[in-house]
Every structure is written in C-alpha cells, then in structure tokens.
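> What follows is a predicted structure for the sequence shown.
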Amino acid sequence: MAKGSIMLQIAVEQTFSDPVSNVPEVWTVVFAALDSQRTVVREIASEKNQGVFLMGTQNNVILPEFSISPDVATDVWLAFNDLQRPPLILHGPSHVSSPPVDGAALALLRVRDFGMTADQHVTISTIRRVGSHVYLDETIA
Amino acid sequence: MEIAIIGQGEVVIRFIDQHGDTLLQERLVVSGPPGVQALRYVPLSIGTVGGPVGVAPVLSSLSNRQQRVTFDGEDPVRFARRRCTAIGCNASVTRNAARGKVPAPVPHGAGVVSVSDPSMRSVLRAASSRVRGRR
C-alpha cells in the first residue's frame, strides 16, 4: 500500500500576559508513518506573525538594537526503517516537487524559531504565531 | 517538558504561576492523516521582571475529543496537579488547574496585544448556522 496524498501541518501561537525577560523558542515537530513506497514532497511552506515591544524597566536604560527573523526555519525529514540509512532532509520554503525517494517510512516536519532573552533592565512584550505545512505524495514504487 | 499530541485538532495549554495566573498561553494546531502526532518541547520556567518563575502547564481545551495529549508521557491532569504542588500552588489553584479551569492571559500595560480572540467553537457554530440558513 501507499498513503497517497498527505498534508502535515503544525502551528504554534504564544501569548504572554505580562512583559517577560525571556521568550521560549519554538521547537516542534509533526510526523506520520509512510508505507516505505515512493515519496515526492510537493510543497514546504511556513508563515510567521509576530509583534515585539521592548521596554526599559528603569529610567535612562538604553534599549538594545534588536531585530528578529520574519520567518521560521522549516525542514522535512524522510526517515527509513533501516536507521543506518541517513534520513533525507529537505528545507523549506519549496514549491516544486522533490526527486522521488523510495523506502521512506516516516515523514517529519520540524519548525523552529528563536527564543529571546533580555537582561534585567529590559522586558519583552510579544505575541508570536508560526505555522508550517508540507504536502507530499506516496505512490507504489 | 515534552508535550505529545496524538491526532489532529487545536490544543490550548496555559502555563500558570503559583497564584493561578496565566503567564503564557500556547495554542498548538496539528493537521494530518489519521495517526498524525506532534511533539513540542517547552521550559517550565519563565523569566519575569521579578526573576524566573516556575510554571505549571494546564490543558485548557481540545477542539477534538478524539485527540490525546500527554505531558512528559503522563496524563496532563496528573502532571498539572504534581507540578502545581511543586511550584507552591494552594489547594484551590491546584484543583482548578486539574480541571483545566485557569484564566486566559490578560495583557497588562504597554506592549503587543491581540485585539480579540473569540472561542472558535462559538465562531464555527455561528458560521454553520449562517450557512445552513442559506441552503
């Protein structure tokens, strides 16, 4: 058997009630079994919305220069039953089909975004939303 | 802590301090074929103006009753109860956390806000009734 067309998707939204001095990173995976047939990854995409507001907690604090990535790091791992065989890793975004891969038993989508830490004189107010998806097709080899 | 999600849907987890106030809310949405699973790793401490604060994760809602969630491989209710005790919550806060009854995060003071966040269940109900009315 083969799984046919599959979508994997994960989104993470972080909302803080008060300014904080550290914002945890986003590190998450979503995965599903495949039937070790022929897999083609059709699309890997991601989206991020974030607002960040830095505040000095004392007078005369010079706020640090600060920038944050407008995107998240997304990759897809195709792994095999034989763990000696190295997984195939595909990076997003990608909107063209990958070469066919035979024998993959697991499709895993990983999403990462940076954490932030400020020193004691600065706090961070933020809301972050990230989401990624992969479309893939598994057909009989 | 490892959050494991089995099955698709939306999971809302609130991280409370010892007073039962929500410092952080995470909304995790998973989609995929039957058997899809997700893992997320989160710290159980948040840095605040007053220093690091230990938090307890509380499973606040699931959009899909078929979905299953574990915290470090454990039932979320049991984990929340144990973690609440560890960070010094009183009995009432611990009991409410075990029931998933903790407040939504309320942004205070200056900062980034999300204007409104209605429950999607009520939005879906309203949208469905509008669609049905047009058929």
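Looks like it came in fine.

> ok, the residue nearest the centre of chain A - contacts?
The centre of chain A sits closest to A:Val111, judged by Cα atoms, centre = their mean, with a distance of 1.3 Å. Contacts for A:Val111 were tallied using Cβ atoms under 8 Å, 6 or more residues apart in numbering or on different chains; they are A:10, A:12, A:26-29, A:46, A:72-74, A:130-132. Using the backbone N, CA and C atoms, a C-beta is placed for each residue, glycine as well.

> in what helix or strand does it lie?
Per DSSP states H and E: A:Val111 is located in strand A:104-113.

> repeat for B:Arg132
helix B:120-134.

> Let me see the mean pLDDT of that helix.
Helix B:120-134 shows a mean pLDDT of 80.

> Need the residues that contact that helix.
Residues from elsewhere that reach helix B:120-134, judged by Cβ under 8 Å, 6+ apart: B:Glu10, B:Ser63.

> Dump it to PDB, keeping only the CA atoms.
Extracted in PDB, the C-alpha atoms of helix B:120-134 (Å, rounded to 0.1, in the frame of the first residue of the first chain):
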ATOM      1  CA  MET B 120     -13.500  29.200  17.600                       C
ATOM      2  CA  ARG B 121     -16.200  26.800  18.800                       C
ATOM      3  CA  SER B 122     -18.700  29.600  19.000                       C
ATOM      4  CA  VAL B 123     -17.500  31.100  15.700                       C
ATOM      5  CA  LEU B 124     -17.900  27.800  14.000                       C
ATOM      6  CA  ARG B 125     -21.400  27.500  15.500                       C
ATOM      7  CA  ALA B 126     -22.400  30.900  14.200                       C
ATOM      8  CA  ALA B 127     -20.900  30.300  10.800                       C
ATOM      9  CA  SER B 128     -22.500  26.900  10.400                       C
ATOM     10  CA  SER B 129     -26.000  28.300  11.300                       C
ATOM     11  CA  ARG B 130     -25.500  31.100   8.700                       C
ATOM     12  CA  VAL B 131     -24.500  28.500   6.000                       C
ATOM     13  CA  ARG B 132     -27.500  26.300   6.900                       C
ATOM     14  CA  GLY B 133     -29.800  29.300   6.700                       C
ATOM     15  CA  ARG B 134     -28.800  29.900   3.100                       C
END
